[in-house]
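# Sequence and computational prediction follow.
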Amino acid sequence: MKSLLLTVFSLFILQGTAQEKKAEYTSQKQAEELKVQSANAQSLAKVEAKKLTKQLNLTSVQQNSVYEVYLDHFKAELKMKQKVKSMMTSENRKNKKETVKILEEQKLSQAEKLNSRLKSILTPDQFKTFQEINP
């Protein structure tokens with residue numbers, strides 16, 4: 001009887017430990033994912049800044065400013081993607097049309113914000129060329 005109680009008690013302890021490790025693993029996984037996303041935003045911003053530097057003949061000041069604008073843009077975009085993931089995995093799946101509408105509005109808002117920030121950095125000729133390249 002004692003060995004049966006000891007076995008049952010041991011199983012409860014092991015189960016609790018496993019749940020703690022799972023929670024710890026999940027938080028570590030989320031932290032790693034955020035790190036990767038941040039690195040992705042940085043690399044995407046670098047690529048866009050270099051591309052625009054070649055296409056629009058940007059000055060070094062403009063290049064740095066464009067990099068910062070795109071970095072903010074891509075970080076916001078990645079946050080939005082995470083939000084979408086959580087919305088799609090939760091009970092909001094039923095409201096898919098509503099979710100898609102909200103996302104389209106946010107994406108449009110992000111694009112407008114990006115364009116207005118770039119317009120403040122670029123010369124009028126550069127911005128015109130930018131709009132022709134990126135309709």
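Here it is on my side, so go on.
# What's the separation between the closest residue to residue 131 other than its chain neighbours and residue 100?
In this structure, residue 131 finds its nearest non-sequential neighbour in residue 115, 8.0 Å apart by CB to CB, 6 or more residues apart in numbering. For the C-beta atoms, the positions are set from N, CA and C on the backbone; glycine is no exception. Distance from residue 115 to residue 100, counting by CB to CB, to the nearest Å: 23 Å.
# Pick out whichever of these two has more residues nearby.
For residue 115 versus residue 100, neighbours defined as other CB atoms under 10 Å are more numerous around residue 115 (14 against 11).
# in what helix or strand does that one lie?
helix 96-121 (DSSP states H and E).
# Let's see the helix or strand following that helix as CSV, backbone CA atoms only.
Under the assignment DSSP H and E, the closest C-terminal helix or strand after helix 96-121 is helix 124-133. C-alpha atoms of helix 124-133 as CSV (Å, rounded to 0.1, in the frame of the first residue of the first chain):
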residue,chain,number,x,y,z
PRO,A,124,10.3,65.6,-54.6
ASP,A,125,12.0,64.1,-57.6
GLN,A,126,13.2,61.1,-55.6
PHE,A,127,9.8,60.6,-54.1
LYS,A,128,8.2,60.7,-57.6
THR,A,129,10.7,58.1,-58.8
PHE,A,130,10.0,56.0,-55.7
GLN,A,131,6.2,56.1,-56.4
GLU,A,132,6.8,55.0,-60.0
ILE,A,133,9.0,52.1,-58.9
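# Next, the buried residues of helix 124-133.
Neighbour counts using 16 or more other CB atoms under 10 Å place 126-127, 129-130 of helix 124-133 among the buried residues.
# So which other helices or strands are in contact with it?
helix 2-56, helix 96-121 (3 or more CB pairs under 8 Å, 6 or more residues apart in numbering; DSSP states H and E).
# Could you work out the most separated pair of the buried residues of helix 124-133?
127 and 129 (7.3 Å; CB to CB).
# Can you tell me what sits against stretch 60-80?
For stretch 60-80, the external contacting residues (CB atoms under 8 Å, 6 or more residues apart in numbering) are 37-38, 40-42, 44-46, 48-49, 52-53, 58, 103, 106-107, 110, 113-114, 117-118, 121-122, 126.
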